[in-house]
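Colleague: can't give you the sequence, but here's the structure:
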């Protein structure tokens, strides 16, 4: 389960939230849970980290969503 604080980390502008999204993409097995956080990273100033996370989700989960693809 993803902690609710991950969304709050974006709102607070946490310095390493993009790195956390990449780690989530590498280690969490449910793409439906990961992809909303990836979309947040793609919308934020951490676009490059969101793109890396999206690539890992695609590679490991064989899954993408239209919102993330539109944001890349």
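Modeller: Thanks, I have the structure now. All values derive from a computational prediction rather than experimental measurement.
Colleague: what packs against the longest helix along the chain?
Modeller: The longest helix of the chain (DSSP state H) is helix 47-61. Under the contact criterion of 3 or more Cβ pairs under 8 Å, 6 or more residues apart in numbering; DSSP states H and E, helix 47-61 touches helix 17-27, helix 31-43, helix 66-71. C-beta coordinates here come from the backbone N, C-alpha and C atoms, glycine included.
Colleague: run the last query once more with 7 Å
Modeller: helix 17-27, helix 31-43 (3 or more Cβ pairs under 7 Å, 6 or more residues apart in numbering; DSSP states H and E).
Colleague: Which among these is found nearest to residue 55?
Modeller: Proximity to residue 55, assessed across the helices and strands packed on helix 47-61 by Cβ to Cβ, is greatest for helix 17-27 (8.3 Å).
Colleague: Which parts of that closest one count as buried, going by neighbours?
Modeller: Judged by neighbour count (16 or more other Cβ atoms under 10 Å), helix 17-27 contains these buried residues: 17, 18, 20, 21, 22, 24, 25.
Colleague: From the centre of the protein, point out the most distant residue.
Modeller: Centroid-distance maximum for the chain: residue 12 at 16.2 Å, with Cα atoms, centre = their mean.
Colleague: Distance-wise, check it relative to residue 44.
Modeller: Residue 12 sits 12 Å away from residue 44, going by Cβ to Cβ, to the nearest Å.
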